[in-house]
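Enquirer: Structure of the sequence below:
(3 chains)
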Amino acid sequence: MQLLANTLALASIYILLAVGYVVVYRASRVLNLAHGELMMLAGYAFFGLVSATPGHPLWAVPAALVVSFLAGVGVYATLVRPMAGHPLFSAVLVTVSLGILLRGLVLLGWTADILYPLAVSGYKNVPWPLPGGAVLTTIDLLSILMAVTVLLALWGFFARSRLGIQMRAAAENPLLAAQRGVNIHLVFSLSWGISTFVAGVAAILYASKVRLDPEIGVIGLRAFPVALVGGLDSLAGVAPAGLAIALLENLAIRYVSPLLSDVVPFLALLVMLFVRPWGLFGTKEEIERV
Amino acid sequence: MAGTFRVLAWLAFMALLVISTPALAQEPYKVGITAAITGPAAVEYAARVETFRAYMSKVNSEGGINGHPIQLGYEDDRGEPARAATNAKKLVEQDKVVLLVNTSVSATYKPVMATVTEAKTPLLFGGGVCPQEVFPPANPLMFCTTSFAAQIDSDFAVRFMKEASKDKVRLGTATMDIPIARIGIDAAEAVGRKIGIEIVGRVTMPPGTADFTPFSSKLKDAGANWVFAWSPWSFEIGPYEALLNLGWQGNYMLYGHQQPIDAAYPRLNRENLYALVGASILAEGLPELKAMQEIAAKHGASRLDVEGGVAAVAVHEALKACGWPCSREKLQGAMSGLSITVKGVKGGPIQWSRDNHFRTEQWYKVYRWDSARQRAVTAKEWTKVDVAEKLKELREIIK
Amino acid sequence: MTASLLEVSGLEVVYNHAVVAVQGVSLRVPEGRLVVLLGTNGAGKTTTLRAISGFLGSDNAEITQGTVLWDGQRVGGLQPYEVAGRGITLVPEREKIFETLTVEENLATAVPARRARGESRRESLDQVFRHFPVLFERRRQTAGYLSGGERQMLALGQALLCRPRLLLVDELSLGLAPLIAGNLLGILERLRAELGLTILLVEQNVAAALKIADYGYVMEHGRIVYEDTAPRLLGHADIQEFYLGVGREGRAKSYRDVKQYRRKRRWHG
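Expert: Numbering: from 1, shown residues only, chains lettered A, B, ... in the order given. I've put the predicted structure just below:
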């Protein structure tokens, strides 16, 4: 039972991060390899805001999310949009450089010391006993709730709203969408903004539960295989892939060897690449681009 | 008249020359540092280097050592062996430093040691764990000031647990998957078994671990009532916090890396966290530590790191003892008989001998948190461990 | 003479900085008229349409000379959404709909270029369904599963929802059965009459196209080689021979043999 609880908690963070990779890939066809660092940046923004509003920590959450959203839009406007027309590989390299730059900036701003936003905010993360003898903390429960909420919200947005449909159209064929009057730059900015917004949610949750330091972007890197296994262009694939990999990781730690846990996401990816390269729910043609 | 004037002018000129000559003739002591200033390990080592540099700034501002300034060359190795190798080569072969300091992860040790051996340059491990080479019989070039030493730390910790526990100790261990940490935990388990402690479980965590919950789950389910962790800080505190999140009620002991433990105690506000230290924590508010903090702040360090300060004091004393001019050979000789006292900060002096470049006596203290008084209190006062004896004993136990 | 809404002068389009696909093309489409652009494969007709509508960017092609004037303003070299905003909509030859979206969703993506007088979006949609009832039946079906004719209808419907003033249609009847193609062309003519659309149509089905068109241009190897009113084109001997398959003495002829094709345009409106 605890295994299941741990899996849900871990999967929810993976899912939140994997969503970011998928949304950006669908729009810009770019593998955003700075996603982990953007998440880390959101964490530091949260810490900064929490420290700045000692009496009202709850304002820091929406404020940090707004900052995250704007960061994504900013990345699109300054780095991705100018790369339109250049090979995709160059755009991916640009994201790698961005990641390195962000880590450097954070070091300059906050040093390498570990920070604890939750402690600064004055709130505590408490464990809750669950049926079956399992224990989950407040943040774990929030993570699961947020993962579900985000998935439902995104599904509703893309399936039902006019803007969401236009975004899907733009993702499939940007040229045709543009010709039909869709403002492609708005749509792509929004995609990047959504991606970093959701990463911000993950960052706030992770930094509150575990810690904040310049290296937490590594969990973004672990979520990348989750996105690939689910299908890099498929939002539907994120949840099953996240759950599967989290489960495999926890099983490996408990029953095989703890040292495998680092490797499990990438092993799963390798297997998937052999068996079904476009992921669980991805589109077949997409693999050429990757 | 003109002739006298000319002589006076010459005299004035010579006087000026003599006065200004010390500035021209003040060649510096060249010391090099390769450190993890950035990168994943920076959280441990960056402040160590800053404190070291701050201390050296102070020394220079007070006239240097033996009238000569100390010139620090520091290079970032990001905790990567390849970079550390390059740094070492540059500092030793190009810059011709008389002493090299390694303030980085244990993975960087081997290549750095190879470089200094070739150039016969003394090497001080001023931040990371002390390697095997400084223990008797010591490699002549290798020295270490850091407080933590895998096997001796673990031995002391485990014995403390037995002493402090009313019930039988059912011990779980947690370690990061790096060789030196595994050595420490292996020692803990071996000693534990010898003194009658039951080892119920062990978790070895890969370096990329982001979520400690499953590892802690394992220890909790194994029924551990004590857990010992000996690793870089994140991998010590990570399993502890995860255990708390799981509602675990046991006692946890770790090596108290200096700054993080200061911050962790008030933040966590738990009485079941025991910290083994080789240097007093800042929260104690000792005057010597306050003085060090002031020096650090005055000379540009973002915060004080005691290990960095101790290493700096050691280098200061070593160069003082070496005199001027100081060659690598002469320095090595001076260091082999050095005794460094950092009052109040460490329980006792760091005494090096020809054979022992770790120290002849190691001092430990154990803290815990008192939530009623809202401060860290002593769980065990400064205790001396005779290094040579202890090593002999450990060699017997850990066959 | 009615005002020319679209005026292309001396257009030159180059692919990959190397291949000249269109050279010195000039044509005019008056307001409210249906003009057809004829020619064999590879003549440059599609390129011309794509150049007008801003589609060239993704083809690694660019306009190197000449102008495209729309309502008196230059539009050559604009971005696709800017061109769409001016009221020019292209129904391309390939990739004309969003295959992963449903019919309804396809129609929802169209953004009108201008407000219609007192007509809501719901009403425009109903109008589209009126013209193409099968789209209403299949409104929840994924567009990728539609038949050729249905796709073309969806593409047209989508284009109409953009409320264009100029509609560019590339190969309406390609791959469709003659009956369906004829039906669609008829609908196109009706749309022009009802909505006052201006249409530039590229077609290989010459007979059907010339029946609904007012004027026509013939393109070969990137150049306009002939132009005339539709009835006259239909009766032209060479058109009949090369495009309508009505041979003369069964002789195979190259167009180069025909003097008339060397004549430049003499269109005076």
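
Enquirer: In three-state terms, label the residue in chain C positioned nearest to chain B for me.
Expert: Using CB to the nearest CB, the single residue of chain C nearest to chain B is C:T100, 34.2 Å away. (Glycine included, C-beta is placed from N, CA and C.) Three-state call for C:T100 (DSSP: H, G, I helix; E, B strand; the rest coil): coil.

Enquirer: what about it, distance to C:T142?
Expert: Separation of C:T100 from C:T142 (CB to CB, to the nearest Å): 7 Å.

Enquirer: mind listing what the closest residue to the residue of chain C closest to chain B other than its chain neighbours touches?
Expert: Distance criterion CB to CB, 6 or more residues apart in numbering or on different chains; nearest residue to C:T100, sequence neighbours excluded, is A:E172 at 5.4 Å. By CB atoms under 8 Å, 6 or more residues apart in numbering or on different chains, the contact list for A:E172 reads C:F98, C:E99, C:T100, C:L101.

Enquirer: Filter the residues you listed down to the buried ones.
Expert: The neighbour count (16 or more other CB atoms under 10 Å in any protein chain shown) marks C:F98, C:T100, C:L101 as buried among the contacts of A:E172.

Enquirer: Just to check, the last one is in contact with C:A143?
Expert: Just to be clear, that refers to C:L101. Yes - using CB atoms under 8 Å, C:L101 is in contact with C:A143, at 5.8 Å.

Enquirer: Quick check: end-to-end length of stretch B:333-350?
Expert: 16 Å (CA to CA, to the nearest Å).

Enquirer: which stretches of the stretch 101-250 of chain B form strands?
Expert: B:123-125, B:142-144, B:170-176, B:198-205, B:226-229 (DSSP state E, counting those that start in this stretch).

Enquirer: re earlier: just put the buried ones among the contacts of A:E172 in CSV and tack on pLDDT.
Expert: As requested, those are exported to CSV (pLDDT from 0 to 100):
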residue, pLDDT
C:F98, 94
C:T100, 89
C:L101, 92
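
Enquirer: Tell me which of the strands of the stretch 101-250 of chain B is the most buried.
Expert: Mean neighbour count (mean count of other CB atoms under 10 Å in any protein chain shown) peaks for strand B:226-229 among the strands of the stretch 101-250 of chain B, with a mean of 29.

Enquirer: Which neighbours in the sheet does it have, and how are they oriented?
Expert: When sheet partners are counted by DSSP bridges, strand B:226-229 sits next to strand B:170-176 (parallel), strand B:251-255 (parallel).

Enquirer: Now do it, average pLDDT.
Expert: Averaged across strand B:226-229, pLDDT comes to 96.

Enquirer: so how far is it from its chain's centroid?
Expert: What separates the centre of strand B:226-229 from the centre of its chain is 22 Å, taken as CA atoms, centre = their mean, to the nearest Å.

Enquirer: B:Q71: what secondary structure?
Expert: Going by three-state DSSP: B:Q71 is strand.

Enquirer: Run a quick neighbour tally on it.
Expert: B:Q71 is flanked by 16 other residues according to other CB atoms under 10 Å in any protein chain shown.

Enquirer: now it: how far from chain C?
Expert: B:Q71 sits 58 Å away from chain C, taking CB to the nearest CB, to the nearest Å as the criterion.

Enquirer: What are the neighbouring residues in contact with that residue?
Expert: B:P28, B:Y29, B:K30, B:V31.

Enquirer: ok, back up a step: separation between the residue nearest to C:T100 and C:F98?
Expert: In terms of CB to CB, A:E172 sits 5 Å off from C:F98.
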